[in-house]
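# coordinates only, no sequence provided:
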Ligand code: HEC
Ligand code: HEC
Ligand SMILES: [Ca+2]
Ligand SMILES: [Ca+2]
Ligand SMILES: [Ca+2]
Ligand SMILES: [Ca+2]
Ligand SMILES: [Ca+2]
Ligand SMILES: [Ca+2]
Ligand SMILES: [Co+2]
Ligand SMILES: [Co+2]
């Protein structure tokens, strides 16, 4: 946090001026690379720190682990594909699309097999949705742990998916009325499985093969994945190869051993599918300090809810004593992240920054204390508590908990 | 066009089944790359043909040229940053953001200089807009030329920008009432300049530093560019370094020698800023043949207009004799591309595919003949005529013109 | 220019026609093909708590011990205690209400079917689907033994007796009632001003500073927590 | 669950407050700093048709010829005829109404100021901003000479006489009236059925097939057209 206090708007240059202006710069004189240099373009070399990052000690091996989206360095509501966080349980499956198959079996009139070419012939929809891992912010249940928004909140991304409603595929197989649950299975080395209630499957789920206009990335399930809007990311089965219709849930490893929420009394909640109302200030934050000193300052962050749209976000500068309505950027969608801003004049004093979201159904993001009071500290999943960043006088920030 | 006629839905596998299913595949058994393998992710190797492409003979050198977005392979309305077409006149400027400056001078109360850090402190907006080069489809004025939607229409892209309204910057300098035009200037080796009417500058223009959530790509003007919604791409000055307020236009090279539209009588239209209502079927198209034979077929494409939203898109299968209303995907925005679909059963006969867009102001995309009737064939710019693809019985397509 | 007039004359917006079909009663599009029985058999490997999906087969605890030592113990430890950060499979009884619960097959998993299903689909890590049905029955029996759920080395688990096994932590899983939590009920109109009595104090600082690899900070591990 | 009730109780949506200010009368945010005169001078290089922006300086046609031969002719040709696909700068008179118009400084450009401005900011290609003011006056004079607009080799162009030069094609540029085109006025309610008398026929096939580099097709060039 190399905060440098400069009185805003009163800076003056030396009389002879800034050499970046008065001297001719190379890029203003010599030609840069041509249009054949980058058939698939990449970020500027000056942005090389804006990358997904993993925390090696979190897991035994990088092939069953997670990396995090650099939320602190992004803006808007679209996550670039190259920065969408990764979570997989057997490494990234790399599947030639012509070799991929999607099967539907179980309680259907006829079991079916689809090639990717078959899928491309179904009617398509494009929808922007957030995908959050149920374990996002999971490290923070016992108190402030990781010092960066990328690590505390970076298991969420938001892209536009192209695919066909799941119900269209089920219709081809012919759903029997006894079908109440759906098992989705991946083709990767973990053969990932999750049980999904049929009501959700027939509602807004998509079978998607594109993200942000181009083919899904391998890390996100190329050539085809499930999209389960507003529900925990683990259910969005990647490398989707099979859908089985059944009359009860399968109680798979990812819905018993994992993705169940242990409460203080030893009981555990199961099938906690929906992601709750949540928000976080992405900048300033520990990885994005205030470098301009006091004066005009932009606070920005993301808010989202599995219930639909975000109606309101409040920002506090004093650790939750007083709140101010933030401005929500209007171009967003239900079950997508919403971008918010709060512009203010920083007097250079220490602040405790928080954000609090309310969704379209009126659910308000709780404090971490409120959550712990009912859930204890062993839940791992579904930590949507209010985050606090401590802004210091030098512009540096730290992840803290407050009274 | 390796079209293979297979009666839809009646295919059967050999009794023993498809070996891609009955035999264990490597990706289902062995671990793939871990979460530390790709800090900034890239498309699957199986998508390596989905790239920007240039046509070397179009220009003397790749440093003042264009490449094209592979529209035929994309879907939805967001263009991935790595595939946004490039047009530059002195190569890609690669500018360290800390060395970049933005100056405002001319008819203002005080000339100003902003660093990138200064810009980041202004109030931000995020907006999805299409950017179309005025010369998009320009090769086609004299008749069908290039055999691919990427080449005929690939000088358009659509991303979400993050920036501050241009009026906010002008306000810092204090606009004099005599200021009627704005000159925008780039920091690249062409020092690109365009004159912009003040009314537009104060309306919806943005000074933007992010696209699709991350920093602008160098090819698109990193660290900062102008966004001039609905107006021709050349005005969206990249590597923006200066804004001068004046009382009349500057008649720069890009608004006299170039970007003026020569009519048949030798007169030329000037200041043709707005992009007209336009659409194109992106698939099937010459680079995206129908490979599944007859039966259920998805026609998809893009429609856009500088006037705002697209109200309606019609699709014709018979070269414009009869039209059918297409389905417009609902998640779009004013002055952004809109995605449309038309699903139908192909009987395997030859078709002449066309799309026709109507915008919110009631402007309807004209035929190429209608355009030539009033504009001749020498305009180069602003060719928004209806495109025809000839679908042959084997599934191959060709760029044609029709009676 | 007569833009306004034209806009008026033009037809209204084409709505996003509900092209998708009703999966319970819709007419088919005729895409895809019927799967063969062999194909379904090859992929339909899931096993449910009621035993649906279990293949014919069997294996004893001692068979399982041998396979486990060869194929599993390098990660999970000879006694399922978990090496390094690889998962622990046994023990942890009575820890679920403690500060650091140890959730294992024995202490936490409600259904035995999940062990069979998961080991068969995903283990050994890095060589999935390499075990025979009998291997998996034997390994499942051995994991029960490691957790003292079966104590007889000669115990043989098979598709016949599989559903008779009851897991220690069965019945402690409850439905999702998060929406009923008091803080959600309270917060319909959240406080905006003077919501806390006095100035707010910091009660805890981040335990792991400079988590970024190049940060040069403490990368040896956190005070607690887990990603899954 | 009392979701509906809560939704009712909650406040309405916070609208996107118009935080941006009125540029003609707004209060400043106090960002940025005032530019120094030297800075403005360094970057304020644009030249307008009325001569605004022209620096003091001068150069003759024959001065220009020398510089052009050294620094420009390799691309634009000794007589501005354009080598390969590099731009042609001279000639093309009376071609604007033909099938293949040749648009040059002489045949097309309405203002001389654009020549000065552009050469100074962007030429020679690959070494921009390397010319002195006098060089640019001389080159501009020479481009006039190549186009027979000036015929005297001793003609000296300067900031004094610059605006006296009139370009041949001045005055033929008209405002944008595309919205008034008849086809737009006609099409408020476009035809949907039987819009053409009989079956539609193909009148022209793509001239350049397999344009993709790996297509192996004709890459030698098109029948016509240009990207700018
Ligand atoms: C190379 C290391 C390795 C080997 C060998 C291995 N495993 Fe695993 N095991 C893992 C990892 C890693 C996981 C967690 C996978 C995940 O969630 O991504 C796991 C998970 C499990 C689980 C679930 C644990 C839980 O709490 O959810 C069981 C049960 C299991 N393994 C059994 C076995 C058996 C039986 C074998 C031998 C046939 C075996 N493993 C071999 C690494 C290994
Ligand atoms: C290495 C090749 C090269 C050299 C040397 C060169 N030019 Fe150019 N010139 C170009 C290119 C390429 C363009 C078009 C640039 C663009 O639009 O991106 C151009 C454009 C021009 C134009 C505008 C043409 C039009 O129709 O819009 C003028 C005038 C011009 N050059 C003058 C000069 C002068 C004077 C010099 C010498 C001082 C010079 N050029 C040196 C390549 C060159
Ligand atoms: Ca090339
Ligand atoms: Ca609450
Ligand atoms: Ca790493
Ligand atoms: Ca028309
Ligand atoms: Ca099954
Ligand atoms: Ca000027
Ligand atoms: Co959950
Ligand atoms: Co134009």
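It's in. On a predicted model such as this, the values are computed, not experimentally measured, just so you know. Numbers count the residues shown, from 1 in each chain, chains lettered A, B, ... in the order given. Ligands and ions are numbered 1, 2, ... in the order given.
# what are the ranges of the strands in the stretch 201-350 of chain A?
A:206-211, A:214-215, A:225-227, A:240-246, A:261-262, A:268-269, A:278-283, A:295-304, A:310-316, A:324-325, A:327-328, A:338-346 (DSSP state E, counting those that start in this stretch).
# residue A:215 reaches residue A:225, doesn't it?
No. Checked against CB atoms under 8 Å, the pair residue A:215 and residue A:225 is beyond contact range at 11.1 Å. Bear in mind the C-beta positions are built from the backbone N, C-alpha and C, glycine included.
# overlap in contacts, those two.
residue A:209 (CB atoms under 8 Å, 6 or more residues apart in numbering or on different chains).
# doesn't residue A:369 fall inside a strand?
No. If the criterion is DSSP: H, G, I helix; E, B strand; the rest coil, then residue A:369 is helix and not within a strand.
# and it, how many neighbours does it have?
By other CB atoms under 10 Å in any protein chain shown, the residues close to residue A:369 number 14.
# residue contacts, residue 178?
This is for chain A. A:107, A:247.
# let's do chain C instead
Contacts of residue C:178 by CB under 8 Å, 6+ apart are A:269, A:272, A:274, A:276, A:382, C:184.
# kindly report the same for residue C:118.
Contacts of residue C:118 by CB under 8 Å, 6+ apart are A:252-253, A:257.
# switch the cut-off to 10 Å
A:190-191, A:193, A:252-254, A:256-257, C:47, C:105, C:109, C:136, C:140 (CB atoms under 10 Å, 6 or more residues apart in numbering or on different chains).
# and what of residue C:103?
Contacts of residue C:103 (CB under 10 Å, 6+ apart): A:257-258, A:260, A:262, A:268, A:378, A:380, C:87-88, C:92, C:95-96, C:109, C:169, C:226.
# let's see it at 8 Å
Counting by CB under 8 Å, 6+ apart, residue C:103 has contacts A:257, A:262, C:92, C:96.
# ranking those residues by neighbours, who comes first?
The most crowded member of these, judged by other CB under 10 Å, is residue A:262 (23 neighbours).
# doesn't residue A:256 make contact with that residue?
No. Using CB under 8 Å as the test, residue A:262 is too far from residue A:256 to be in contact (11.8 Å).
# pLDDT wise, what is residue A:58 at?
Listed pLDDT for residue A:58 reads 89.
# show me what the lengthiest helix in chain C is packed up against.
In chain C, assigned by DSSP state H, the helix with the most residues is helix C:133-146. When contacts are defined as 3 or more CB pairs under 8 Å, 6 or more residues apart in numbering or on different chains; DSSP states H and E, helix C:133-146 sits against strand C:58-60, helix C:61-71, helix C:113-122, strand C:156-158.
# what angle separates it from helix C:61-71?
Counting by axes from the mean of the first three to the mean of the last three CA atoms, to 10 degrees, helix C:133-146 lies at 100 degrees to helix C:61-71.
# does helix C:133-146 reach ligand 1?
Yes. Using CB under 6 Å from any ligand atom, we find that helix C:133-146 touches ligand 1 at residue C:139.
# any idea of the mean pLDDT in that helix?
98.
# give me the below-cutoff pLDDT ranges for chain C.
C:1-26, C:210-228 (pLDDT under 70).
# which residues in it form helices?
For chain C, the helices defined by DSSP H occupy C:3-9, C:37-43, C:61-71, C:73-76, C:113-122, C:133-146, C:182-186.
# got the domain ranges for chain A?
A:87-269, A:278-400 (automatic domain parsing).
# now do the same end-to-end measure for stretch A:232-240.
With CA to CA, to the nearest Å applied, stretch A:232-240 spans 16 Å between its terminal residues.
# nearest to residue B:102, out of the domains of chain A?
For residue B:102, the closest of the domains of chain A is domain A:278-400, at 15.8 Å, according to CB to CB.
# that closest one and ligand 4 in contact?
Yes. Contact of domain A:278-400 with ligand 4 (CB under 5 Å from the ion) involves A:364, A:366.
# that domain: how far from the chain's middle?
15 Å (CA atoms, centre = their mean, to the nearest Å).
# so, in contact with chain B or not, it?
Yes. Domain A:278-400 reaches chain B (CB under 8 Å from any CB of the partner chain) through A:291-292, A:295-298, A:300, A:327, A:329, A:331, A:333, A:339, A:341, A:343.
# what's across from residue A:156 in the sheet?
Counting by DSSP bridges, residue A:156 is bridged to residue A:132.
# that one and residue A:105, how far apart?
Separation of residue A:156 from residue A:105 (CB to CB, to the nearest Å): 33 Å.
# with residue A:86 instead?
For residue A:86, the distance to residue A:105 - CB to CB - is 29 Å.
# need the three-state assignment for the closest residue to residue A:336 other than its chain neighbours.
Spatial nearest neighbour of residue A:336, excluding adjacent residues (CB to CB, 6 or more residues apart in numbering or on different chains): residue A:128 at 4.4 Å. Using three-state DSSP, the structure places residue A:128 in strand.
# which residues touch residue C:59?
By CB under 8 Å, 6+ apart, the neighbours of residue C:59 are C:134-141, C:156-158.
# what's the burial count for the residue nearest to residue A:336?
Residue A:128 has 24 neighbours, counted by other CB under 10 Å.
# for it, give its distance to ligand 2.
Residue A:128 sits 37 Å away from ligand 2, going by CB to the nearest ligand atom, to the nearest Å.
# specify the beta-bridge partners of that residue.
Assessed by DSSP bridges, residue A:128 has beta-bridge partners residue A:160.
# could I get the contacting residues of it?
Neighbouring residues of residue A:128 by CB under 8 Å, 6+ apart: A:77-78, A:158-161, A:332-333, A:336, B:331.
# would you turn those residues into CSV with pLDDT?
Formatted as CSV, the entries for these read as follows, by pLDDT from 0 to 100:
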residue, pLDDT
A:77, 98
A:78, 98
A:158, 98
A:159, 98
A:160, 98
A:161, 98
A:332, 98
A:333, 98
A:336, 98
B:331, 98
